[in-house]
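J.: quick one: sequence and predicted model below, then my questions.
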Amino acid sequence: MKTTLTLAERVARAFDSAGPLRAALDGFEPRPGQLRLAVAVAETFDHGGTLIAEAGTGTGKTLAYLLPAVLSGKRVLISTGTRTLQDQIFYKDVPALARALSMTIRAAYMKGRTNYLCWHRFERLREASAGLPSADRSMLEHIADWSTETTTGDRAEIEELPDDSPLWSEVTATGDQCLGRECPRYSDCFVTRMREAAAESQVVVVNHHLLCADASVRHGGFGEVIPDCELAVIDEAHQLEDVVTQYFGVSLGTRRLDEFCADAASALGALPQDAGRFASAVASTVQDVQHDFRRLFDDAKLELRSRDQPGDRMTLSPAAAGRLTDAGNNARESIDRVIALLRTQPELPDDVAAIAARAEVLRDDLKILLAADDPAFVHFVEGRGRHVTLRAAPIEVAGIVRSEIVGDRVATVLTSATLAVEGAFDYAKRRLGLDDAKTLQLPSEFDFKSQAVLFLPNDMPDPRSPEFNQSAAWIIGEILDRTSGRAFVLFTSYAAMRDVHDRLSRKTGWPLLVQGMAPRSTLLRDFRATPNAVLLATASFWQGVDVAGEALSCVIIDRLPFASPADPLVAARIAAIQQRGGQPFHEYQIPLATLTLLQGLGRLIRSKTDRGVLSVLDPRLTRMSYGSRFLSSLPPAPITDELAELDRFFARYDGTTAPVVD
């Protein structure tokens, strides 16, 4: 009798020394951790349920979940935290696996709609292009030439288009701006084609932002973006709580207001001449909307400026919300007048009807944002330069993850290199509402005992003292002299980064690159291309950045990355834990900081040939009782407080006798 192999058995055979992977994949070598993860994923797919798996760097987790996904024969959703990993899976890993298995793998790559050209808005802008600056007209014609050749409509294909190009926002469509099935170009819309391709694919590759946007749309009963998938893999799952918080909240700011008013003016301007009186009345009321909302945002700015603590966020207490009541009521009344005027017409062109629908959403969102007594949400004001935004974010997302992200899928795997704290998954399971999930922890395949050294200086001042940055600049300079630059220096605040950079620039001759002087992608390109470069950066460089080889031989972190308790969301989560009798510092703040620290330090060792120095300058690691909790989660590299040991470490690789620098 012929025996049918289970999915786990088929996966194990593929990884066998005589299997297809070794023969077809360049550089493939058996890794025990990779096989264990692949089998665990296969068993989860076969039997159902949820698996949380930490796979240390070097495990090869992407192949470990892709293989069972492909062999399962079912549609599998794969969600990543970064565009870089999304690109790698779709353009590199899936084709390589298809060649190794000698099979066709139907895969789809899905991004958010603002990555794609909107034919309708593009054609409208070309009609009005005479009023554009010459540089924009030139770029618009370049986009026009590209549009005749592209099959995807993805802006990533236009290399000349800057990341922050305001012109692109005029030729793409947000969820608010999209006309959906009413659009005259719906059938040949690039987003429509993307969805159709996904519906016919077995592997659907998305990112967490699209995953959560889709879940939010489904939750509101507005359809779906991603096709139904029985199985799902959520990679880089340590980011999931933050992204869910963003998409299941409400926000309304100056950018959204300006976009609404501009789109309303454009739609009304396209009405036929006999609708002039109606268009004029609506346009006048839209101007009232802009005026009244601007007053509301100005009042919110005053609240932000009047608080005691510095920063760009402020909790909107019921008292503060009350002070915004008059401006909020005026804004709501003006938006109601726009809605009433538009609803007097039995038939409206699609563009104008879309403005009416958006006005209703604006009104409903404003009501939520000014209801600051909802205990499930934290309400706050956020200021960025000239822009201000009112936000309401869910304090806890465990229930949302459980019901809307994991939902009723047959099986879901959540994985990352950083999910466990002190060897346990209690924190991740609690924050994500997945108490019943199975867990698996796999150590890194790299030999940190020989590939890295952890330098913890023992004479640093308290990180909250005014002297800390001065001492940090000095010790960073000493470390860089021993590593010949080639370093990331990661900070927990822009202020500290700027201060240390100012001091360090007078001390060291190594090339210094600083976050803010160029776009992120440009900084990374320049870092790789500049010998002995040093990059000083903050939060966005702590994860999702890969620089392999000797170009990066040192990662220095100034302070333990505790989330600021003054941040409205952090403060609300601390308060929620206190209200249920918990200990927020131990249950929330330390685990969150630990995982962030591990992400930052994880930038260094990315292959078996990498080696270098890890350093945390914060003396609380060794002086405070909770420091041992951080240390127990760090990679098992030897620890030293002697600068001379760094010379000896590099000398062992260089085959030289290191000079001792005092």
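T.: Received it, and whenever you're ready, just let me know what you need. Residues are numbered from 1 along each chain as shown.
J.: going forward, measure contacts and count neighbours with C-alpha atoms only.
T.: Will do.
J.: per-residue confidence at the residue nearest in space to the middle of the chain?
T.: The centre of the chain sits closest to G81, judged by C-alpha atoms, centre = their mean, with a distance of 5.6 Å. Looking at G81, its pLDDT reads 93.
J.: now do the one 5 residues further on
T.: Reading off the confidence values, Q86 has pLDDT 94.
J.: next: L536.
T.: pLDDT, L536: 97.
J.: which SS class is it?
T.: At L536 the chain is in strand, as set by DSSP: H, G, I helix; E, B strand; the rest coil.
J.: so the residue nearest to the centre of the chain is in contact with Q239, correct?
T.: Yes - between G81 and Q239 there is a contact under C-alpha atoms under 8 Å: 6.5 Å.
J.: and G509, helix, strand or coil?
T.: Strictly by three-state DSSP, G509 counts as coil.
J.: can you name every helix or strand that the helix or strand bottoming out on mean pLDDT in the chain contacts?
T.: In the chain, the helix or strand scored least confidently by mean pLDDT, DSSP states H and E is helix 20-24, which has a mean of 83. Here helix 20-24 touches helix 7-15, helix 94-101, going by 3 or more C-alpha pairs under 8 Å, 6 or more residues apart in numbering; DSSP states H and E.
J.: now mean neighbour count and distance to S553 too, for the ones you listed, in CSV please.
T.: Below are the helices and strands packed on helix 20-24 laid out as CSV (neighbours: other C-alpha atoms under 10 Å; distance: least, C-alpha to C-alpha, whole Å):
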stretch, mean neighbour count, distance to S553
helix 7-15, 19, 32
helix 94-101, 18, 30
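J.: and those helices: which comes nearest A533?
T.: helix 94-101 (33.6 Å; C-alpha to C-alpha).
J.: hmm, back to that, buried sites along the least confident helix or strand of the chain?
T.: With burial defined by 16 or more other C-alpha atoms under 10 Å, the residues of helix 20-24 counted as buried are 20-22, 24.
J.: name the nearest of those relative to T245.
T.: L21 (39.2 Å).
J.: what sits against the closest residue to the closest one other than its chain neighbours?
T.: Closest residue in space to L21, ignoring its immediate chain neighbours: A100 at 5.8 Å, by C-alpha to C-alpha, 6 or more residues apart in numbering. Residues in contact with A100 (C-alpha atoms under 8 Å, 6 or more residues apart in numbering) are 20-21, 23-25.
J.: measure A100 to G73 for me?
T.: Applying C-alpha to C-alpha, to the nearest Å, the value for A100 to G73 is 17 Å.
J.: now L621
T.: In terms of C-alpha to C-alpha, L621 sits 48 Å off from G73.
J.: the two: which has the busier surroundings?
T.: Neighbours per residue, other C-alpha atoms under 10 Å: of L621 and G73, the larger number sits with L621, 19 against 11.
J.: surely that one and S632 touch.
T.: No - judged on C-alpha under 8 Å, L621 makes no contact with S632 at a distance of 10.7 Å.
J.: tell me what the helix or strand containing A40 is packed against?
T.: Assigned by DSSP states H and E, A40 falls within helix 32-47. With contacts defined as 3+ C-alpha pairs under 8 Å, 6+ apart, helix 32-47 has these neighbours: helix 7-15, strand 49-55, helix 61-71, strand 411-416, strand 438-442.
J.: what's the distance between the last one and the middle of its chain?
T.: In this view, strand 438-442 has its centroid 24 Å away from the chain centroid, taken as C-alpha atoms, centre = their mean, to the nearest Å.
J.: the second one now?
T.: Taking C-alpha atoms, centre = their mean, one finds strand 49-55 lying 20 Å from the centre of the chain it belongs to.
J.: ok so, going back, who wins for proximity to L598 among the helices and strands packed on helix 20-24?
T.: Ranking the helices and strands packed on helix 20-24 by proximity to L598 (C-alpha to C-alpha) places helix 94-101 first, at 28.3 Å.
J.: just want the angle from the closest one to helix 7-15.
T.: With axes from the mean of the first three to the mean of the last three C-alpha atoms, to 10 degrees defining the directions, helix 94-101 sits at 80 degrees from helix 7-15.
J.: helix 94-101 - what's its average pLDDT?
T.: 94.
J.: what's the first helix or strand after that helix?
T.: Next helix or strand after helix 94-101 toward the C-terminus (DSSP H and E): strand 107-109.
J.: that following strand pairs with which strands, parallel or anti?
T.: strand 203-207 (parallel) (DSSP bridges).
J.: next, the angle helix 61-71 makes with the strand it pairs with.
T.: 140 degrees.
J.: who's in contact with strand 203-207?
T.: For strand 203-207, using C-alpha under 8 Å, 6+ apart, the contacting residues are 69-70, 75-83, 86, 89-90, 105-111, 198.
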